[in-house]
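Asker: Mind folding the following:
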Amino acid sequence: MIRRVLAALLLLLPLSGAGGDGYKWGVGIQGNYPLWGGVSVKYMGFHPIDLVFVGRAYLYKKGSDCSLVGAVSYTLLETEHTRTYLMIGGGTRRQTEEWVEMAYPTVEIGSSGPPPKPVEITQAHKLYSVLGGGVVLGNEFILFSRYGINFEFGQGFGRVRDVIDYEDEKAAAEAGLEEKDESWLQSSFVFGFGFHVYF
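Answerer: I've put the predicted structure just below:
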């Protein structure tokens, strides 16, 4: 993970010399716990109202973790080296996972012979998704007129859905495995930080 962050920063640094004094774009990395995080793009052509998009996509063999967020940021106070802003945004996060459910036969104590092999029951699928939004107050420090380091905090809220299902429902039921489809509303404190290059 650290290598990916450093590689992204090295790719972004040359962009800092591409624009003039009135920069309109910002590209960087933004993380907000627990709602979202990833590559961030800012459009500042309507400043002091800015548009922000944050997204990421982790794809692996047995699942994925993707998110996309859009937000509107309004600058409340701005100086040469700092910017205080209020941001309202919303987005979605979707995590999927697959695995094979196995049954492990019981073995009597003192029995001889090799242990029995586990028996494959069925393929399992898990979906965890969040649809939510939030309001944050943030402050950004501008370094050398091109580089911004920000931190922000606020309140997040959303609808969480947690689903587990099985391809072979009959075999799963016989093994005592229960499918799940639950959803609930949740709110939480949001804390975030990020780094951007403007051009």
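
Asker: Give me the helices and strands touching the longest strand along the chain, please.
Answerer: Identified as the longest strand of the chain according to DSSP state E is strand 119-143. Applying 3 or more CB pairs under 8 Å, 6 or more residues apart in numbering; DSSP states H and E, we find strand 119-143 packed against strand 82-103, strand 147-166, helix 169-174, strand 180-198. Any C-beta I mention is one placed from the backbone N, CA and C, and that applies to glycine too.

Asker: What are the buried residues along it?
Answerer: Neighbour-count burial for strand 119-143 flags 121-122, 124, 126, 128-130, 132-134, 136, 138, 140, 142 (criterion: 16 or more other CB atoms under 10 Å).

Asker: in this protein, what secondary structure element scores lowest on mean pLDDT?
Answerer: Lowest on mean pLDDT, DSSP states H and E among the helices and strands of the chain sits helix 2-12, with a mean of 47.

Asker: Not counting its neighbours along the chain, what's nearest G89?
Answerer: A71 (2.6 Å; CB to CB, 6 or more residues apart in numbering).

Asker: That should have said V136, apologies.
Answerer: Nearest one to V136, counting by CB to CB, 6+ apart, is G154 at 3.2 Å.

Asker: ok, now G91?
Answerer: Nearest one to G91, counting by CB to CB, 6+ apart, is V69 at 3.1 Å.

Asker: Give the helix, strand or coil label for that neighbour.
Answerer: strand (DSSP: H, G, I helix; E, B strand; the rest coil).

Asker: Who does it form a beta bridge with?
Answerer: Beta-bridge partners recorded for V69 (DSSP bridges): V54, G91.

Asker: That one and Y104, how far apart?
Answerer: 42 Å (CB to CB, to the nearest Å).

Asker: Compare these two (neighbour count), which wins?
Answerer: V69 (24 against 10; other CB atoms under 10 Å).

Asker: got the contact list for the residue most central in space within the chain?
Answerer: Nearest residue to the geometric centre of the chain (CA atoms, centre = their mean): W36, 3.5 Å. By CB atoms under 8 Å, 6 or more residues apart in numbering, the residues touching W36 are V54, R56, S67, V69, G91, R93.
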